[in-house]
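Visitor: Kindly generate the corresponding structure for this input.
(one chain, ligands or ions: 2)
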Amino acid sequence: MPLRLFNTLSGTIDELSPQGGQPLSMYACGPTVYDYGHIGNFRTFLQVDVLRRTLNLLGVPVRHVMNITDVDDKIIRNAAAAGIPIHDYTARFEEAFFEDLDSLRVERPEIIARATKHIPKMVALIQKLAAAGAAYQTEDGSWYFRLASFPEYGKLSKKDLSGMEDGARVDLDEYEKDSARDFALWKAAKPGETSWDTAIGRGRPGWHIECSAMAMEYLGESFDLHAGGEDLMFPHHENEIAQSESVTHKPFARHWMHVRFLLVDGRKMSKSEGNFFTLRDLLLKGYKASAIRLALISVPYRHQLNFTFDGLIEATNAIERLRTFHQRLTSGTFAEGANAALQDSAKTAQAEYVAALSNDLNTAEARAPIFDLIRAANTAIDQGQFFSADKTAILAVLASFDRVFDVIADHDAEPTRRAVEWAEQSGRHADVAPELRARQSLTDEAIDALVAERTLAKKQRNFARADQIRNELAEKGIVIEDSKDGVRWKRK
Ligand code: AMP
Ligand code: ZN
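Guide: Ligands and ions are numbered 1, 2, ... in the order given. From the prediction side, this is the model:
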């Protein structure tokens with residue numbers, strides 16, 4: 001089944017398939033590493049993860065390039081304020097970014113390209129633009145893109161740029177105005193700023209040129225898909241198109257995917273409003289990485305996601321249901337045979353799941369049949385109508401679900417442990433929720449020992465001690481489950 005995905009450029013839902021043969025070539029704008037990533041950023045990276053995992057599920061391998069913007073206005077300003085070289089400043093946040101991606105189980109792109117490692121490519125592209133009459137140098141030595149040279153400007157964002165002022169310039173990396181301006185390709189060095197000595201003068205690249213240069217370096221002049229958050233559509237992606245197509249005269253990316261912004265409690269996230277959360281903030285409040293992942297991907301990428309704590313709790317409960325059910329299947333023994341109705345339900349659930357993802361990555365609709373199947377299977381188990389072949393069939397559906405959603409296998413301890421350790425080391429001790437601190441104070445070995453002591457106490461009919469251990473563990477968020485196969489524990 002092919003993936004059908006909304007294409008911002010055409011304005012329609014188009015089939016996404018590799019044009020130049022496998023793998024599918026895709027470029028997704030990466031982070032500017034000047035701070036810790038917030039949940040809005042991760043919503044976009046997670047939806048791109050859903051895209052690449054869905055393509056893989058459908059049998060399409062990808063070559064996915066992501067840039068790291070490790071030089072820009074904000075980085076230069078913040079590094080100067082901290083009195084350190086920009087690389088020292090960005091290295092810390094780049095490391096944190098990858099740690100956060102790991103916490104959220106975002107798969108790594110095949111290629112990660114740092115802007116500062118590709119300066120010669122950007123310079124070469126600017127030279128080509130100058131030769132084509134699309135770039136000019138100003139008196140201070142900076143270079144600008146001449147918008148008037150590219151009549152198709154605006155074709156992605158569908159903005160009416162009739163009021164465009166010829167020759168008006170902007171040198172900020174980011175601007176939100178609706179009016180288009182000649183934008184900086186290369187900024188002449190200012191005293192004390194990081195700069196590179198190149199054939200077009202001493203300076204540093206603008207933000208937009210880096211993505212054009214690096215996308216074409218790794219994916220060629222035309223490639224299958226370009227993705228990013230909706231804020232990047234204008235001007236960043238529009239500028240990327242202008243810079244690239246002015247030189248190649250070929251379509252840059254054929255398909256454009258934009259992820260809708262995340263709101264918190266219905267409002268734009270902002271530090272001053274107090275509704276701004278990094279991934280780490282949520283982990284330190286005691287929410288599991290898997291719940292954050294599920295909450296951020298369950299609303300399809302083209303819909304506004306209104307992030308709330310209720311939503312996080314819903315995701316936590318959904319994961320609990322998935323994991324408990326999975327455990328029930330793997331630890332249970334079922335008689336030989338098959339329940340024909342359940343076999344049908346498993347096939348239908350699988351087909352509906354794949355169809356929903358293939359339909360513009362509709363994650364909400366993809367979830368629903370899986371939970372319906374769990375309900376039907378639980379009923380069958382309760383009624384003794386569940387057999388070994390049903391277990392095999394349903395575990396296969398869950399495995400397929402987890403190839404994209406990736407929340408059933410429990411990897412939650414490590415991200416939480418890492419976040420707490422980071423908080424302790426960076427003076428954020430007070431941000432760690434007290435119950436989380438208590439929970440973290442027990443190692444797996446210590447819990448194993450207490451559970452063993454409780455089993456022994458029960459054998460010796462010392463029920464008071466056994467109950468005391470259970471309660472002590474419960475207070476620290478550790479749940480003990482007695483089953484006929486023995487005792488298991490888990491962190492809540
Ligand atoms: P930045 O590091 O600011 O360049 O952003 C990295 C990515 O996160 C870009 O693709 C942005 O479009 C995206 N992004 C930023 N804020 C949000 C938000 N509130 N919701 C969704 N995506 C966002
Ligand atoms: Zn970009």
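Visitor: Tell me which residue of this structure lies closest to ligand 1.
Guide: G229 (1.9 Å; CB to the nearest ligand atom). For glycine as for every other residue, the C-beta is placed from the backbone atoms N, C-alpha and C.
Visitor: buried ones in stretch 255-269?
Guide: Buried residues in stretch 255-269, counted by 16 or more other CB atoms under 10 Å: H255, W256, M257, H258, V259, R260, L262, L263, V264, M269.
Visitor: Quick check: which element contains the residue nearest to the first one when sequence neighbours are not counted?
Guide: The spatially closest residue to H255, leaving aside those adjacent along the chain, is L225, at 4.4 Å (CB to CB, 6 or more residues apart in numbering). Under DSSP states H and E, the secondary-structure element containing L225 is strand 223-229.
Visitor: other SSEs contacting that strand?
Guide: Identification of packing neighbours for strand 223-229 by 3 or more CB pairs under 8 Å, 6 or more residues apart in numbering; DSSP states H and E yields strand 24-28, helix 39-57, strand 253-259.
Visitor: Repeat the analysis, applying 6 Å as the threshold.
Guide: Applying 3 or more CB pairs under 6 Å, 6 or more residues apart in numbering; DSSP states H and E, one finds that strand 223-229 contacts strand 24-28, strand 253-259.
Visitor: Make sure G286 is indeed in a helix.
Guide: No. Using DSSP: H, G, I helix; E, B strand; the rest coil, the assignment for G286 is coil, not a helix.
Visitor: Distance of it relative to G477?
Guide: G286 sits 8 Å away from G477, going by CB to CB, to the nearest Å.
Visitor: One more: A315?
Guide: Going from A315 to G477 by CB to CB gives 18 Å.
Visitor: higher neighbour count, these two?
Guide: Neighbour tally, A315 and G477, criterion other CB atoms under 10 Å: the higher count belongs to A315, 22 against 16.
Visitor: residue contacts, the residue of the chain closest to ligand 1?
Guide: When contacts are counted by CB atoms under 6 Å, 6 or more residues apart in numbering, G229 is found next to T44, V259.
Visitor: Report all helices and strands that the helix or strand just after the strand holding L225 contacts.
Guide: Under the assignment DSSP H and E, the closest C-terminal helix or strand after strand 223-229 is helix 238-248. Judged by 3+ CB pairs under 6 Å, 6+ apart, the packing partners of helix 238-248 are helix 207-219.
Visitor: The helix it packs on near ligand 2 anywhere?
Guide: Yes. With CB under 5 Å from the ion as the measure, helix 207-219 is seen reaching ligand 2 through C211.
Visitor: Would you mind checking the average pLDDT for that helix?
Guide: If you average the pLDDT over helix 207-219, you get 97.
Visitor: and the angle from it to strand 253-259?
Guide: Angle, helix 207-219 to strand 253-259, by axes from the mean of the first three to the mean of the last three CA atoms, to 10 degrees: 120 degrees.
Visitor: Which strands or helices does helix 207-219 pack on?
Guide: By 3+ CB pairs under 6 Å, 6+ apart, helix 207-219 packs against strand 62-68, helix 119-131, helix 238-248.
Visitor: I'd like the next helix or strand past the second one.
Guide: What that stands for is helix 119-131. Following helix 119-131 in sequence, per DSSP H and E, is strand 135-137.
Visitor: and that next one, which strands flank it?
Guide: strand 143-145 (antiparallel) (DSSP bridges).
Visitor: Please point out which parts of the partner strand sit buried.
Guide: W143, Y144, F145.
Visitor: Tell me which residues are up against that strand.
Guide: I126, A135, Y136, Q137, R169, D182, F183, A184, L185, W186.
Visitor: Check these and tell me the two furthest apart.
Guide: I126 and R169 (15.4 Å; CB to CB).
Visitor: More neighbours: those two, which one.
Guide: Between I126 and R169, counting by other CB under 10 Å, I126 is the more crowded of the two (28 against 16).
Visitor: so who does the more buried one touch?
Guide: Contacts of I126 by CB under 6 Å, 6+ apart are A135, W143, L185, W186, I200.
Visitor: same check, this time on E245
Guide: Counted by CB under 6 Å, 6+ apart, E245 has contacts F252.
Visitor: how much space between it and R488?
Guide: 59 Å.
Visitor: and if you look at A457?
Guide: 17 Å.
Visitor: who has more neighbours, these two?
Guide: A457 (17 against 13).
Visitor: what do G286 and G477 both touch?
Guide: If you check G286 and G477 against CB under 6 Å, 6+ apart, no residue is contacted by both.
Visitor: If the closest residue to G30 other than its chain neighbours is in a bridge, with which residues?
Guide: Once flanking residues are discounted, G30 sits nearest to M66: 4.1 Å by CB to CB, 6+ apart. Per DSSP bridges, the residues bridged to M66 are A28, I112.
Visitor: which other residues reach the host helix or strand of R321?
Guide: Here R321, judged by DSSP H and E, is contained in helix 309-331. With CB under 6 Å, 6+ apart as the test, helix 309-331 has contacts from Y287, S290, A291, L294, A295, I374, K391, L395, L398, V407, I408, D485.
Visitor: helix or strand for the second one, which one?
Guide: Translated: S290. Residue-wise, S290 maps onto helix 289-297 under DSSP H and E.
Visitor: Just confirm yes or no for that helix near ligand 1.
Guide: No. Contact of helix 289-297 with ligand 1 (CB under 6 Å from any ligand atom) is absent, the minimum separation being 9.2 Å.
Visitor: So in that sheet, which strands flank the very next helix or strand once past that helix, and in what orientation?
Guide: Next helix or strand after helix 289-297 toward the C-terminus (DSSP H and E): strand 305-307. The pairing partners recorded for strand 305-307 under DSSP bridges are strand 262-264 (parallel).
Visitor: Averaged pLDDT, the following helix or strand past the strand it pairs with. What do you get?
Guide: Using DSSP H and E, the helix or strand that directly follows strand 262-264 along the chain is strand 267-268. In this model, strand 267-268 has a mean pLDDT of 92.
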